[in-house]
Structures are given as C-alpha cells and as structure tokens.
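**Student:** here is my input; please provide its structure:
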Amino acid sequence: MKKFKFSILILMSMVLFYLYAVASSPLPVQVIDSDNSGIVSLIEAMDTFDIAERSIIRTTENCTQYYWLKDGLTVHEVCVAKSSN
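**Tutor:** Model prediction:
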C-alpha cells in the first residue's frame, strides 16, 4: 500500500509540475509545442524554464523578445505600439 501511495504522489507531482510549467510560461502554447503535434510534451514544458527576455525599443513600438538561454535565438516576440504622449 505504501508503494501505491508513493507512486500516486509522484504522478500527481509530475502532473502539477507540467501544469505549472505550461501555465506560468510567458510563451503561447503554440510556441511551447515546438514539434507542432498539438500536445505539449513534458520535455517541451521543461524547456520553458530555459528562456529569458530582453526589451527591444523600436521607432514605433516597444517589444519584449523571449529567447533560448542555450543559444540566444529568439523564440517569441511581443510588441506594443508606443503611446504618443
């Protein structure tokens, strides 16, 4: 019975970790799903912890780029038009 409870605890921990990784990521699910299978795998969810962000200021907009820490390549970019104050 103890092994069964431990197995359930491990399984529930993995599910909660998966949900936390996907829900807390600033990336949309379409970007997290790198192989475009329609399902975010556990490996793809873990990859969301390996990103960082940098701010880019352009002439007409402010952008936030999310990039991979391993190689610096841009994964996703979110831009907002500058306000004309």
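**Student:** could you use CA atoms for every contact and neighbour count after this?
**Tutor:** Fine.
**Student:** how near is Q65 to F6?
**Tutor:** 41 Å (CA to CA, to the nearest Å).
**Student:** those two: which is more packed in?
**Tutor:** Q65 (17 against 11; other CA atoms under 10 Å).
**Student:** quick check: the more buried one touching G72?
**Tutor:** No: counting by CA atoms under 8 Å, Q65 stays clear of G72, with 10.5 Å between them.
**Student:** which stretches in the chain count as helices?
**Tutor:** Taking DSSP state H as the criterion, the chain carries its helices at 2-24, 29-32, 42-47.
**Student:** and of these, who's closest to I56?
**Tutor:** helix 29-32 (19.8 Å; CA to CA).
**Student:** who touches that closest one?
**Tutor:** Outside helix 29-32, the residues that touch it by CA atoms under 8 Å, 6 or more residues apart in numbering are V22, N36, G38, V40, E44, A45, D47, T48, V75, H76.
**Student:** okay, the first one: pLDDT?
**Tutor:** So the one you mean is V22. Per-residue confidence (pLDDT) for V22: 92.
**Student:** can I assume it is in contact with A45?
**Tutor:** Yes: taking contacts as CA under 8 Å, V22 lies within contact range of A45: 5.8 Å.
**Student:** thinking again about what came up before, from the contacts of helix 29-32, which is closest to M14?
**Tutor:** A45 (11.2 Å).
**Student:** that closest one touches M14, doesn't it?
**Tutor:** No: when contacts are counted by CA under 8 Å, A45 is not listed as touching M14 (11.2 Å).
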